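Undergrad: I would like to see how this sequence folds:
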Amino acid sequence: REPIDPKFIHDFHSSSGAGTGETYPIESDEEESSGHELPESLSILFVDDDPILRKLFTRSIRTVRPAWRIREASNGETALRLVEEDKFDLIFMDMYMASVE
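TA: You can find the predicted model right below:
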C-alpha cells in the first residue's frame, strides 16, 4: 500500500464545553479543489469512549468511501490490542477518554 500523501494531512482538533457541543475545525494550506484523489483503500481505527461519536464517524466515512475498512475501539486497552493485531493507515483517538491517562 502506498503511503498517504502529506497533502491529505490536516491539523484536526476538537473542543467542547458544557452545553456547547463539540467543534472540529480543520485547517489546511491546500485549496479544496487541489485535484488530489482519495485513496481507494484505507484502514482506519477510530478510538472513542462515546458510542454515538463512533457510530457517527463510521457512518460518515462509509458514506464517502464504502470500501475503506473501519475498526472501532471504546478504550485505549482495546485500541492497543487492535494495533498489535492489525496495521492501520490512520488512527483517530479521543485524547480525553475517562479510562485513559
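Undergrad: Which strands or helices does the lengthiest helix in the chain pack on?
TA: The longest helix of the chain (DSSP state H) is helix 51-64. Counting contacts by 3 or more CB pairs under 8 Å, 6 or more residues apart in numbering; DSSP states H and E, helix 51-64 is packed against strand 43-47, strand 69-73. For every residue, glycine as well, the C-beta is placed using N, CA and C.
Undergrad: what is the orientation angle of it with strand 43-47?
TA: 160 degrees (axes from the mean of the first three to the mean of the last three CA atoms, to 10 degrees).
Undergrad: What's the mean pLDDT across helix 51-64?
TA: Averaged across helix 51-64, pLDDT comes to 93.
Undergrad: for stretch 72-79, same thing?
TA: 92.
Undergrad: Of the helices and strands packed on helix 51-64, which is nearest residue 55?
TA: Among the helices and strands packed on helix 51-64, the nearest to residue 55 by CB to CB is strand 69-73 (8.6 Å).
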